[in-house]
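In: just the structure for this:
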Amino acid sequence: MNKITGYFVALLVCAGAAAASEEIVQNGGFETGALPPWTAYNFKVGSGGSPGPHSGTYAAGMGYYGYIYEPLTGYTRQDFGKTYSPAEVKSADFWIWPDPRSYGNRAVVTSYEVKLGANNTFGGSPPGGHWYHVVLPTSGIQYPFDYINISVTVYITAELPPYNMQAGLDDISVLISPSGVSPASFGRIKTLFR
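Out: Down below sits the predicted model:
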């Protein structure tokens, strides 16, 4: 191998390493058919129910049937066992199925709050009736984090509660990118092939 070929091979290897990404969420699609390594309140994993999973066989869902006049709340949380910096995050997203029903002026509202660690918080209230893709803005991730927590609340806007309040989560993902090749690394590569 000549010097020029070796130099370009080294650059290609480094560029490939910089482009690679790692999924840090385990069981983000709940395809094991169980919650672990998630901890959860009110969420359970299943394949049935309305509307079914966003993808694959399973999703996490919560719901109840009755006249209880209280919001339905639940969360899923996963600890990563390692702290990540904001600069490492390539993407963070999930799919939510908000309760789709409306009773005239008594609309059912679903809201979510996502925490990446204690200090990166995002929220919203997506339209009901279909799976909705939530993409977190990576520019909004400004502090190191070591867990993800997604809280969901379903409530009604007037006096009479609905039957079957429910919500679903699926395909939760946080992709981390390596920091790439530093200028010092390029210097070492050039030295190798002189």
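In: ok, the residue nearest to the spatial centre of the chain to Y41 distance?
Out: Nearest to the geometric centre of the chain sits I172, at 3.4 Å (Cα atoms, centre = their mean). According to Cβ to Cβ, to the nearest Å, I172 stands 16 Å off from Y41. To be clear about C-beta, it is placed using only N, CA and C from the backbone, and glycine gets the same treatment.
In: just G124 next, same as before
Out: G124 is 20 Å from Y41, where distance means Cβ to Cβ.
In: show me where the chain has its strands.
Out: 22-23, 39-41, 44-46, 59-64, 72-84, 89-97, 102-103, 106-116, 120-124, 132-135, 145-156, 165-176 (DSSP state E).
In: show me the shaky parts of the protein.
Out: Counting by pLDDT under 70, the ranges of the chain that qualify are 1-19, 49-50, 65-69, 101-107, 157-163, 179-194.
In: let's go with 50 and repeat that
Out: In the prediction, the chain carries residues with pLDDT under 50 at positions 7-12, 14-15, 17, 180-194.
In: which segments of it make up each domain?
Out: For the chain, the structural domains run 1-20+180-194, 21-177, going by automatic domain parsing.
In: which one of those is the most hemmed in?
Out: Burial of the domains of the chain is given as mean neighbour count (mean count of other Cβ atoms under 10 Å); domain 21-177 ranks first at a mean of 17.
In: circling back to that earlier point, turn the strands of the chain into TSV, columns for distance to G52.
Out: Shown next, in TSV, are those (distance: least, Cβ to Cβ, whole Å):
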stretch	distance to G52
strand 22-23	23
strand 39-41	19
strand 44-46	9
strand 59-64	7
strand 72-84	18
strand 89-97	9
strand 102-103	21
strand 106-116	17
strand 120-124	23
strand 132-135	15
strand 145-156	18
strand 165-176	9
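In: between those strands, which one is nearest to G33?
Out: Closest of the strands of the chain to G33 is strand 44-46, at 6.1 Å (criterion: Cβ to Cβ).
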